[in-house]
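# Build me a model:
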Amino acid sequence: MAPEYLARGQLTEKADVYSFGVLLLEIVTGRQSNQRNNAVYTVSLVSTAWEHFQRGIVEEIFDPNLMLQNNHTINVKNEVTRFLHVGLLCTQEVPTLRPSMSKALQMFVKKDEELPPPTKPPFVNEKTMQLHYRSLKQGDSATTANLPHSSFYPR
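Now for the predicted structure:
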């Protein structure tokens, strides 16, 4: 769910772009975005993808089924990495930095076009579950919404 919807109830095209980005990350990793593990705090799929992208080790989170069926060819790795990159662009914290849906789809067609680096997604520090929304307008102050951990996952 888009952070601006969680914090302020705003449903916009950019919230749909955020959801599309999460869907891309689910496809690339073979994991559900709300999948829990035995840890006290669940690390979200978006946070995991971001951390691996930052460290340059995205192949570690690829769905093994994608790679098994395609014999680890460099072309497949590049395409899967591009999907993950677009997914991260769609899940950026600031909605205005997210691409439009048409632009996101063009990023798949224009494979030679270099993608911009994504910015940090929301909820990277999930132990505090704080949403830091930053507006691009100068002079605006950042707002923080503390969200309870239990609000993200159905029971």
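# any idea which element E79 lies in?
Taking DSSP states H and E as the definition, E79 sits inside helix 74-90.
# repeat for E51
Using DSSP H and E, E51 sits in helix 45-55.
# Report the backbone C-alpha coordinates of the next helix or strand after that helix in CSV.
Where DSSP H and E defines the elements, the next helix or strand beyond helix 45-55 is helix 64-68. The C-alpha trace of helix 64-68 is given here as CSV (Å, rounded to 0.1, in the frame of the first residue of the first chain):
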residue,chain,number,x,y,z
PRO,A,64,15.4,-19.1,-8.4
ASN,A,65,12.8,-20.4,-10.7
LEU,A,66,13.4,-17.5,-13.1
MET,A,67,17.0,-18.3,-13.2
LEU,A,68,16.7,-22.1,-13.4
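# Tell me which residues of helix 64-68 come out buried.
In terms of neighbour count (16 or more other Cβ atoms under 10 Å), helix 64-68 has its buried residues at L66. C-beta: built from backbone N, CA, C; applies to glycine.
# go on, stretch 74-87?
Buried-residue list, stretch 74-87, by 16+ other Cβ under 10 Å: K77, E79, V80, T81, R82, F83, L84, H85, V86, G87.
# now, which of those sits nearest L25?
G87 (4.3 Å; Cβ to Cβ).
# Brilliant, that's me finished.
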